[in-house]
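Trainee: okay, sequence plus prediction incoming.
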Amino acid sequence: MNVERILIDLEKKHPGEGEYLQAVREVLESIEEVYNESPHFESAKIIERLIEPDRILTFKIPWADDHGNIHVNLGYRIQFNNAIGPYKGGLRFHPSVNLSILKFLGFEQIFKNSLTTLPMGGGKGGSDFNPKGKSDSEIMRFCQAFMLELWKMIGPETDVPAGDIGVGGREIGFLYGMYRKLARENAGVLTGKGRGWGGSLIRPEATGFGNVYFAKEMLQTKGEQFNGKTVCVSGFGNVAWGATKKATELGAKVVTISGPDGYIYDPEGISGEKIEFLLELRASNNDVVQPYAFEFGVEFHKDKRPWEVKCDIALPCATQNELEEEDARMLIENGCICVSEGANMPCTPEAVDLFHKHKLLFGPGKAANAGGVSVSGLEMTQNSQKLNWSREEVDAKLHSIMKDIHHQCVEHGSDHSGYVDYVKGANIAGFLKVANAVLDQGIV
């Protein structure tokens, strides 16, 4: 495999899709040695078949606001690879949504889902619709219009979307209500559903919980633990909320959260009612964190990121490429020992290189934030069996899955010195499972 040739050819076909090309580069560079050791991968053109989606579906979404004005947004569903199970991946409603971002997310989802050990393929979707400032009625009408197109492409054994940025329990409810009416069936076709109609316990917290469980496993390889550590978290949505909650349960002190407007610094730690206030921030739909500073009388740093704050553990839980090389340098200089990605690809390649150079424990998103899709997979299982598991059962299964993901990363990412390159380990483990499934099934 010639990585540069493949990337040059890919960029010619998809110019300007920076996030997607970045994600492909990371995987190809990680798996190059393993790939070249297996001539049957090359002869079957496995890489060429994996880096392009099975299909990209684009559609218009006309909808009416509360004043009767008509708006038209774009909707997408990218079905990337279903070699090991139905396409699985979230829906994102945000003005930044475009093909490059969705393709990067869908490509990452293939390997992340593979690592969970559950039978799920990779996909992603969403719209450039902005939920900010919209009424519940407007969001309902948009979701119904979106599902009017999407329902023809999905199904419990075909493609099972979930939530993502801008798509929470409210949106999943509106989407599922329309699907049920159109398809005339109750089926486990969306995950993140309400607890009373097919949803799983701890699904909202799952990505954050899983991220902390993965970091916990990394820390244990160095004889460390969360108890007594200071933690910086970015973001303030479900992932940051879950991570803050679980890290605090394990005895850590979380001192930051952040949003597009800046970050707050709470030296006493975000615990108790402060953690629950994150849910109020998320539900307000205003996309700002400054109200936390007003509510609890702590520092707010406008238009800045939290990585300048001294901490032992950093959990970036906001969005892609939010932690850059200079941020990584500040974390290292301030004594940070562990970085675990709660968001998808929140660290730039330069930041990751710096973490590896200084031998930090670094958990990449496709491994460290797989808790969300893992519990989505468990929700699919519960739907198939027509039952519900308790909170303790789901949490125990999630913890077990994250431990298994960590084991796979260590198995494939350890070097002769004992240092674990979790990026390499996650990519190799995820790739081998999917690639072998593609080989086993022939050219289809």
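Mentor: On my side now, so go ahead. From a predicted model like this one, the values you see are computed outputs, not experimental measurements.

Trainee: so in this structure, which strand runs the longest?
Mentor: Counting residues, the longest strand found in the chain (DSSP state E) is strand 70-81.

Trainee: quick check: buried residues in that one?
Mentor: If you call a residue buried by 16 or more other C-beta atoms under 10 Å, then strand 70-81 has these buried ones: N73, G75, Y76, R77, I78, Q79, F80, N81. The C-beta positions use only the backbone N, C-alpha and C, and glycine is treated the same way.

Trainee: report all helices and strands that it contacts.
Mentor: strand 55-64, strand 87-93, helix 99-115, strand 122-127, helix 136-150, strand 159-163 (3 or more C-beta pairs under 8 Å, 6 or more residues apart in numbering; DSSP states H and E).

Trainee: hang on, the earlier thing: mind picking the two most distant members of the buried residues of strand 70-81?
Mentor: Spanning the widest gap among the buried residues of strand 70-81 are N73 and N81, at 26.5 Å by C-beta to C-beta.

Trainee: closest one to E326 among the helices and strands packed on strand 70-81?
Mentor: helix 99-115 (22.7 Å).

Trainee: quick one, that closest one and strand 87-93 angle?
Mentor: 140 degrees (axes from the mean of the first three to the mean of the last three C-alpha atoms, to 10 degrees).

Trainee: distance from helix 99-115 to the middle of the chain?
Mentor: Between the centre of helix 99-115 and the centre of its chain there are 9 Å (C-alpha atoms, centre = their mean, to the nearest Å).

Trainee: please renumber the chain so that the first residue is 25 from this point on.
Mentor: Noted, 25 is the first residue going forward, which turns the last one into helix 123-139.

Trainee: which helices and strands does it pack with?
Mentor: helix 42-60, strand 94-105, strand 111-117, strand 146-151, helix 389-392, helix 395-409, helix 446-464.

Trainee: how near is S151 to T254?
Mentor: For S151, the distance to T254 (C-beta to C-beta, to the nearest Å) stands at 38 Å.

Trainee: who's more crowded, the two?
Mentor: Neighbours per residue (other C-beta atoms under 10 Å) separate S151 from T254, with S151 holding more: 26 against 19.

Trainee: shouldn't that one be in contact with Y100?
Mentor: Yes - counting by C-beta atoms under 8 Å, S151 touches Y100, with 7.0 Å between them.

Trainee: identify the contacts common to those two.
Mentor: V121 (C-beta atoms under 8 Å, 6 or more residues apart in numbering).

Trainee: and V51, which of the helices and strands packed on strand 94-105 is closest to it?
Mentor: helix 123-139 (6.9 Å).

Trainee: format the helices and strands packed on helix 123-139 as a markdown table; extra columns: mean pLDDT.
Mentor: Formatted as a markdown table, the helices and strands packed on helix 123-139 follow (pLDDT from 0 to 100):
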| stretch | mean pLDDT |
| --- | --- |
| helix 42-60 | 94 |
| strand 94-105 | 98 |
| strand 111-117 | 97 |
| strand 146-151 | 98 |
| helix 389-392 | 95 |
| helix 395-409 | 96 |
| helix 446-464 | 96 |
